[in-house]
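>>> Got a predicted structure here, sequence first:
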Amino acid sequence: MTCREAERLVTPYIQDKLSGDELEAFLEHLEHCRNCQEELEIYFMVDVGLKQLDTGSGTFDIMGALQKRIAESYARVRRMWRFRKMEYAVNTLGVMAVLVTVMLQVRIWLAP
């Protein structure tokens, strides 16, 4: 992912509107790009700060809130990958069950 693509995803990330694959690519880019990290921090502080001013409540630890959001995002990506692995395993077992059933049926048909 390029910096331009990552910058385009900053606002959807803050609004929690990224798909699993977009989120994974965005987080991976953030790990290696300090400029995009700073861009995210600025947008997050402005967005959260304005919302807190509108409601008249909130926390003064906006950076802590961002770190918490990023940690939650990593947890979401890990859950997504565990789900994909489980889905793959279940699909594989289903195909194997069908193959075994077909092989047993063929054996019954061919046996005298």
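Sure, I can see it. Numbers count the residues shown, from 1 in each chain.
>>> What sits closest to Tyr13 if chain neighbours are left out?
Nearest residue to Tyr13, sequence neighbours excluded (Cβ to Cβ, 6 or more residues apart in numbering): Phe26, at 5.9 Å. For glycine as for every other residue, the C-beta is placed from the backbone atoms N, C-alpha and C.
>>> can you list contacts of whichever strand or helix holds the one you found?
Assigned by DSSP states H and E, Phe26 falls within helix 20-32. The contact list for helix 20-32 (Cβ atoms under 8 Å, 6 or more residues apart in numbering) reads 1, 3, 5-6, 9, 12-13, 18, 36-37, 40, 70, 73-74, 76-77, 80.
>>> Same question for stretch 40-59.
With Cβ under 8 Å, 6+ apart as the test, stretch 40-59 has contacts from Val10, Thr11, Tyr13, Ile14, Leu30, Ile62, Met63, Ala65, Leu66, Arg69.
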